[in-house]
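Engineer: all I have is the shape, not the residue letters:
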């Protein structure tokens, strides 16, 4: 992250466990970060920040919020973000698959839903992705085992 020149501020709800394939979660995070690096942050931008939050939602699902402080996306383009082959940088060689891959990872693989919205906050602009993912259903013993394993 230091080499790419950005910082991640993550605040995850303590004790929260998402029952999902770790590879899928890694791919989702990778695509979100690549989207920020390739489309969100300006080359001359010095203070590149990504914010990741999680908490339980009203369902027995987990709410995951991802936000960067990049340049943002025009509101009129936002509805097309997850459409296959949509890109604002085709002339620079981008395929327009990133948003569609993010959408499919959340909806198909994690059985959730995702939306992107413009939410201007001090120091953070777009995109703001909000995803509801698979429910957390582990016992306290399983949660402790997951925590111990993640610390290794």
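Structural biologist: That came through fine. From a predicted model like this one, the values you see are computed outputs, not experimental measurements.
Engineer: what's near enough to touch residue 102?
Structural biologist: By CB atoms under 8 Å, 6 or more residues apart in numbering, the contact list for residue 102 reads 28, 31, 32, 35, 82, 114, 129. Using the backbone N, CA and C atoms, a C-beta is placed for each residue, glycine as well.
Engineer: looks to me like it is in a helix.
Structural biologist: Yes: Residue 102: assigned to a helix according to DSSP: H, G, I helix; E, B strand; the rest coil.
Engineer: from residue 91, how far off is it?
Structural biologist: From residue 102 over to residue 91 the distance is 22 Å, taken as CB to CB, to the nearest Å.
Engineer: over to residue 10?
Structural biologist: 34 Å.
Engineer: these two: which is more packed in?
Structural biologist: Under the criterion of other CB atoms under 10 Å, the comparison of residue 10 against residue 91 puts residue 10 first, with 10 against 7.
Engineer: assumed that one was part of a strand.
Structural biologist: Yes: using three-state DSSP, the assignment for residue 10 is a strand.
Engineer: list the contacts of it.
Structural biologist: Taking CB under 8 Å, 6+ apart, we find residue 10 in contact with 51, 52, 53.
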